[in-house]
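Chemist: One predicted model, sequence on top.
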Amino acid sequence: MTIQEKLHSAISEALKNLGAPDVSFSLEHPKNLSHGDFMTNAVLKVFGPVTHGQIKTHFEKNVTWTVWPANLRERFNNPKVLAEDIKKFIEEANISEIEKIEIAGPGFLNFKLKDSFFAELNKSIFVQGEEFGKSHVHAGKKILAEHSSPNLFKPFHIGHMMNNAIGESLVQIMKFSGADVSTMSFPSDISLGVAKAVFVLLEKFGADFIPTEISVLGDAYVEGTKRYDDDESVHERVKEIADNLYSEIASPELSIFEKCKTFNIVYFESVTEKLGSHFDSYIYESEAGVDGKKIVEENTPNVFTKSEGATVYIPDESQKNLNTLVFINSQGNPTYEAKDIGLLDLKFSRINPDLSLFVTDHHQIPHFDVVLDAAGKINKTWKEKSVHIPHGRMSFKGQKMSSRLGGVPLATEIIETVADEAMEKSEKNSDRATAEMIAIAAIKFSILRTKPGQNINFDPETSLSFEGDSGPYLQYTHARISSLIEKAATLGISPSYKSSEPATDLERVTLQFSTVVENAITEYAPQHIVTYLLELARTFNSFYGANKIIDEADTETSAHRLAIASATQVVLKNGLKLLGIKAPEKM
RNA sequence: GCGCCCGUGGUGAAAUGGAUAUCAUGACAGUCUUCGGAACUGUUGGUCCAGGUUCGAAUCCUGGCGGGCGCACCA
């Protein structure tokens, strides 16, 4: 039983024994360490519904009042009295880890744990190592996570980078939930836009075109869009290309298309690998389109409706926030909506996850609200097990990014630019690989520190910092501890926790890691990990500043402090992994 | 018009309905004959407005004000 579970059940028992109404209460770490290691609002949760000797019962919207037994009135009318009673009850339960219980503020109960508990915690951090902080929230479940879905003719740009940072972090967080996690990407392979690009490539280079640079494809995409808009005479040919691609009819365009598709997947994997992602499988938009169209047709007219030659979904009138959307257009082609229905079907038939996460731009919220509403009518589990994680947009120096318009910073360019700065900053003459690792940390950090859904104005001059709250700061702290360990080793000092020492703030912070991980899991919230790691690093650096950790003159104290520092490093490393950020030994 | 999202120190962000709103940056003042200064310590300054619900509101509800976005065959 964990200490959390022990405290929680002790509080429950106390409430039950005192005759309190059944309420749900929180057990959390106080923001301020001086308040203790845990706090509960149980007293106030009871006091809330009990006022002036009466119990207020919220049933639906009617509030009913019941007279509380007279002999208990005093207890429940005064939070301090109730708090005293609960405190006494828990003290009598003699939970060995508790040092003291205090009543504070309007009626909070604060728990402080004994030093001996932290000696045990230190030991268990080393025993568990990479597993420390792991949760069981989704133990035994299968989770599918789809993110970083590229358009195969557009280079991986800063927007994809944002999607990837959030998606990859969620993948790592879900892996820490005890679930079996499978990753997937959903590349856009065929579309009218792609046909426009193929048109340009065919015209410029002919059927023998061999792709060697992603920029050539990206330029063709941009140029194709422009040509199509400016010159109506090419429309017919572009549509013919699109048809040949969709139907896989042997032609010069199909040959070019297939070469480009293969080239792009290799490119995509090289970029995402650099960013630390791996994809177990792909579902292409073209296959989802075929499948989705079939399903929509099978469910017309019971779910979908024919309207003006198209097949549309009309949501119930009560749901005013949902729009009517076209699923199959009047030419008989599946739209993005039908493709997403097909995607759902393929995901659940191939992987059959208990939970299916997908990460997209938040502009697609209205789209997915409708798609999931329709999907729920075809197959309830599709809707129930799907969770949409929307993220904001990144603007670059104030300008909104759209790769269709060109001039968009590419992921690789940004990494290079930031890595250059990291090289300059480095004192230890980092190699290029380390500089890139730091650059990626800085970029990912700036994305993950905010709630997904918020827009980020990305300006390398100001948003990318190597100091203060930043990815490199966390990495630096990790590397700093590595140096300490190395120094200790040369002096023959190995970590050894001295039980007689009072627990430090730093150790009290490491205790909080598992709670933070659980919150991050249940809320799909990488920013909780970021906030926590900053606090951990800051607390460590204060500790470092205030104490000489490795001191030849006092090997016993050194060994003790080394044990604390090493445990901190384990937590820091595990936390960084949850963000998809690497923890360097040197930088 | 209908609907969705957002509004926190000068700037960028955090905060399952909880205590004195957290952190960075900026500015100012310090620490160090460095265990890696990408560090540490201190000062400064903030919840858009008005009501409401609650023991308790940045958070929930109503109405304003301000910003972003979507509303049929693009993705």
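Modeler: Noted; the coordinates are in hand.

Chemist: alpha carbons only for contacts and neighbour counts from here, please
Modeler: Will do.

Chemist: Residue A:505: neighbour count?
Modeler: For residue A:505, the count of nearby residues is 17 (other C-alpha atoms under 10 Å).

Chemist: from memory it sits against residue A:32, does it?
Modeler: No. If you go by C-alpha atoms under 8 Å, residue A:505 and residue A:32 don't touch, sitting 10.7 Å apart.

Chemist: The helix or strand harbouring residue A:204 and RNA strand B in contact?
Modeler: Element membership for residue A:204, per DSSP states H and E: helix A:192-205. Yes. Helix A:192-205 comes into contact with RNA strand B (C-alpha under 7 Å from any atom of the strand), by way of A:192-193.

Chemist: what does the stretch 201-350 of chain A put close to RNA strand B?
Modeler: Close to RNA strand B, as judged by C-alpha under 7 Å from any atom of the strand, the stretch 201-350 of chain A has residues A:307-312, A:320-326, A:328-331, A:334-336.

Chemist: and residue A:265, what does it touch?
Modeler: Applying C-alpha atoms under 8 Å, 6 or more residues apart in numbering to residue A:265 gives the contacts residue A:152.

Chemist: before we move on, the earlier item: just the CA trace of whatever helix or strand comes next after the helix holding residue A:204, in PDB.
Modeler: Going down the chain from helix A:192-205, the next helix or strand is helix A:214-230, by DSSP H and E. Below are the C-alpha coordinates for helix A:214-230, written out as PDB (Å, rounded to 0.1, in the frame of the first residue of the first chain):
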ATOM      1  CA  ILE A 214      12.000  17.400 -50.000                       C
ATOM      2  CA  SER A 215      12.100  21.100 -50.900                       C
ATOM      3  CA  VAL A 216      11.500  20.300 -54.600                       C
ATOM      4  CA  LEU A 217       8.200  18.500 -53.600                       C
ATOM      5  CA  GLY A 218       7.200  21.300 -51.300                       C
ATOM      6  CA  ASP A 219       7.900  23.900 -53.900                       C
ATOM      7  CA  ALA A 220       5.900  21.900 -56.400                       C
ATOM      8  CA  TYR A 221       3.000  21.800 -54.000                       C
ATOM      9  CA  VAL A 222       3.100  25.500 -53.500                       C
ATOM     10  CA  GLU A 223       3.500  26.200 -57.200                       C
ATOM     11  CA  GLY A 224       0.700  23.700 -58.100                       C
ATOM     12  CA  THR A 225      -1.700  25.500 -55.800                       C
ATOM     13  CA  LYS A 226      -0.900  28.800 -57.400                       C
ATOM     14  CA  ARG A 227      -1.100  27.500 -61.000                       C
ATOM     15  CA  TYR A 228      -4.400  25.900 -60.300                       C
ATOM     16  CA  ASP A 229      -5.800  29.100 -58.800                       C
ATOM     17  CA  ASP A 230      -4.400  31.300 -61.600                       C
END
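
Chemist: Buried ones in the helix or strand just after helix A:214-230, by neighbour count?
Modeler: Heading C-terminal from helix A:214-230, the first helix or strand you meet, by DSSP H and E, is helix A:235-246. The neighbour-count check on helix A:235-246 (16 or more other C-alpha atoms under 10 Å) flags A:238, A:241-246 as buried.

Chemist: Helix A:235-246 vs helix A:214-230, what angle?
Modeler: Counting by axes from the mean of the first three to the mean of the last three C-alpha atoms, to 10 degrees, helix A:235-246 lies at 130 degrees to helix A:214-230.

Chemist: And helix A:235-246, what does it pack against?
Modeler: Under the contact criterion of 3 or more C-alpha pairs under 8 Å, 6 or more residues apart in numbering; DSSP states H and E, helix A:235-246 touches helix A:192-205, helix A:252-274.

Chemist: name the element the residue in chain A positioned nearest to RNA strand B belongs to?
Modeler: Among all residues of chain A, residue A:548 sits closest to RNA strand B, at 1.9 Å; criterion: C-alpha to the nearest atom of the strand. For residue A:548, there is no helix or strand it lies in under DSSP H and E.

Chemist: Who are the contact partners of it?
Modeler: Counting by C-alpha under 8 Å, 6+ apart, residue A:548 has no contacts.

Chemist: One more: residue A:570?
Modeler: A:125-126, A:129-130, A:132.

Chemist: Of the residues you listed, select the buried ones using a ChimeraX command.
Modeler: This is the ChimeraX syntax for the buried subset of the contacts of residue A:570, where burial follows 16+ other C-alpha under 10 Å:
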select /A:125,126,132
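
Chemist: any idea how far the residue nearest the centre of chain A lies from residue A:21?
Modeler: With distances taken as C-alpha atoms, centre = their mean, residue A:170 lies nearest the centre of chain A, 3.4 Å away. Per C-alpha to C-alpha, to the nearest Å, residue A:170 is found 38 Å from residue A:21.

Chemist: Please report how far residue A:373 lies from residue A:341.
Modeler: 11 Å.

Chemist: Give me the spatial nearest neighbour of residue A:245, chain neighbours excluded.
Modeler: residue A:254 (5.7 Å; C-alpha to C-alpha, 6 or more residues apart in numbering).

Chemist: Mind pulling up the pLDDT for that neighbour?
Modeler: Note for residue A:254: predicted pLDDT of 92.

Chemist: Same check on residue A:153?
Modeler: 85.

Chemist: Now it: which helix or strand?
Modeler: Counting by DSSP H and E, residue A:153 is part of no helix or strand.

Chemist: what do you get for residue A:580?
Modeler: Here residue A:580, judged by DSSP H and E, is contained in no helix and no strand.

Chemist: List the contacts of the residue nearest to it when sequence neighbours are not counted.
Modeler: The shortest distance from residue A:580 to any non-neighbouring residue, by C-alpha to C-alpha, 6+ apart, is to residue A:169 (5.3 Å). Residues in contact with residue A:169, defined by C-alpha under 8 Å, 6+ apart, are A:526, A:578-580.

Chemist: What about the closest residue to residue A:351 other than its chain neighbours, how many residues nearby?
Modeler: Spatial nearest neighbour of residue A:351, excluding adjacent residues (C-alpha to C-alpha, 6+ apart): residue A:144 at 7.6 Å. Neighbour count of residue A:144, defined by other C-alpha under 10 Å: 25.

Chemist: On the three-state scheme, residue A:144 is what?
Modeler: strand (DSSP: H, G, I helix; E, B strand; the rest coil).

Chemist: Let me know the pLDDT of it.
Modeler: Looking at residue A:144, its pLDDT stands at 97.

Chemist: Do I have it right that it meets residue A:348?
Modeler: No. Residue A:144 is not in contact with residue A:348 according to C-alpha under 8 Å; the separation is 9.4 Å.

Chemist: sorry, back to before: more neighbours, residue A:373 and residue A:341?
Modeler: Each of residue A:373 and residue A:341 has its neighbours counted (other C-alpha under 10 Å); residue A:341 has more, 26 against 18.

Chemist: I'd guessed residue A:288 sits against residue A:335; true?
Modeler: No. Applying C-alpha under 8 Å, one finds residue A:288 not in contact with residue A:335, separated by 10.5 Å.

Chemist: Give me the more crowded residue out of those two.
Modeler: Neighbours were counted for residue A:288 and for residue A:335 using other C-alpha under 10 Å; residue A:288 has more, 25 against 18.

Chemist: Where does pLDDT dip in chain A?
Modeler: A:48-77, A:396-407, A:427-429, A:459-463 (pLDDT under 70).

Chemist: Alright, I will stop here.
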